[in-house]
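[1] Give me the fold of what follows.
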Amino acid sequence: MTIAIEFSVGSLIGLDVGDLVGVFYMNDSNELACAGTAVWNDEALAIAAWGSESGLDNGFIPAEEFTFMIQKLNGTIFLLEASMNNAPPFSSTYEPNGFGQVLDWSITEQYFDLENCDYPEEYYDCFGNCLNDSDGDGICDEFELGVEEDIIYRPKLIKTIDLLGREIDGLKTNNILYQIFENGVIIQKIIIN
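    Residues are numbered from 1 along each chain as shown. Next up, the predicted model:
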């Protein structure tokens, strides 16, 4: 089946030259499988949606609905909601040797393929969550302000303890001390004089 996509449909959702547009069917394992792709070149395009061969699970079956996705140049994949033309000779579902026409697309959500996940950005997982976030504040540890950096907000010091956990007053020389702050940060200090 040939599915037509007008220039205005792709440009309205911000497709860039080189983005990949795909049409997918649901296979027997209840997974999305690709049955046709085309590269966006800032012009109208057509996608060939392949039908399943007799007895095989390798394409669309008659009257099956389409799932469209785009893969941006950076690898991010988005699911699309499609409005299809139903007026003859067009069909909004798969018809062997038929014609389809996308009237409108909207991006519904980012698609995450966990089996083939490529991390979209350094320090993040496929869902955009930090890989390392020891304090659970949603800021990746790699972006947290360190001890050596300028800190605009200085949390209040609650207490200072030694290696044995005894609370001490002041900074004693030739000692390893731990300062505990109100925000849960603990800083180790080595005092040598």
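
[2] what's the nearest residue to residue 163 if we skip its chain neighbours?
    Residue nearest to residue 163 in three dimensions, not counting chain neighbours: residue 176, with 5.5 Å by C-beta to C-beta, 6 or more residues apart in numbering. Every residue, glycine included, has its C-beta placed from N, CA and C.

[3] The strand or helix carrying that neighbour - what's its average pLDDT?
    Taking DSSP states H and E as the definition, one finds residue 176 inside strand 175-181. Regarding strand 175-181, the rounded mean pLDDT is 75.

[4] mind checking the backbone torsions on residue 143?
    Listed backbone geometry of residue 143 is phi -110, psi 0, with angles given as degrees, to the nearest 10.

[5] Could I get the contacting residues of it?
    The neighbours of residue 143, taking C-beta atoms under 8 Å, 6 or more residues apart in numbering as the test, are residue 123.

[6] Tell me which stretches of this structure form helices.
    Taking DSSP state H as the criterion, the chain carries its helices at 7-12.

[7] just checking, what's the longest strand in it?
    In the chain, taking DSSP state E as the definition, the longest strand is strand 99-111.

[8] for that one, packing partners?
    strand 2-5, helix 7-12, strand 67-71, strand 77-84 (3 or more C-beta pairs under 8 Å, 6 or more residues apart in numbering; DSSP states H and E).

[9] and residue 66, how many neighbours does it have?
    22 (other C-beta atoms under 10 Å).

[10] swap in residue 63?
    10.

[11] shouldn't it be in contact with residue 93?
    Yes - in terms of C-beta atoms under 8 Å, residue 63 counts as a neighbour of residue 93; the distance is 4.8 Å.

[12] where do the strands sit along this protein?
    Secondary structure of the chain (DSSP E): strands at 2-5, 20-26, 32-39, 45-48, 67-71, 77-84, 99-111, 157-162, 167-168, 175-181, 186-191.
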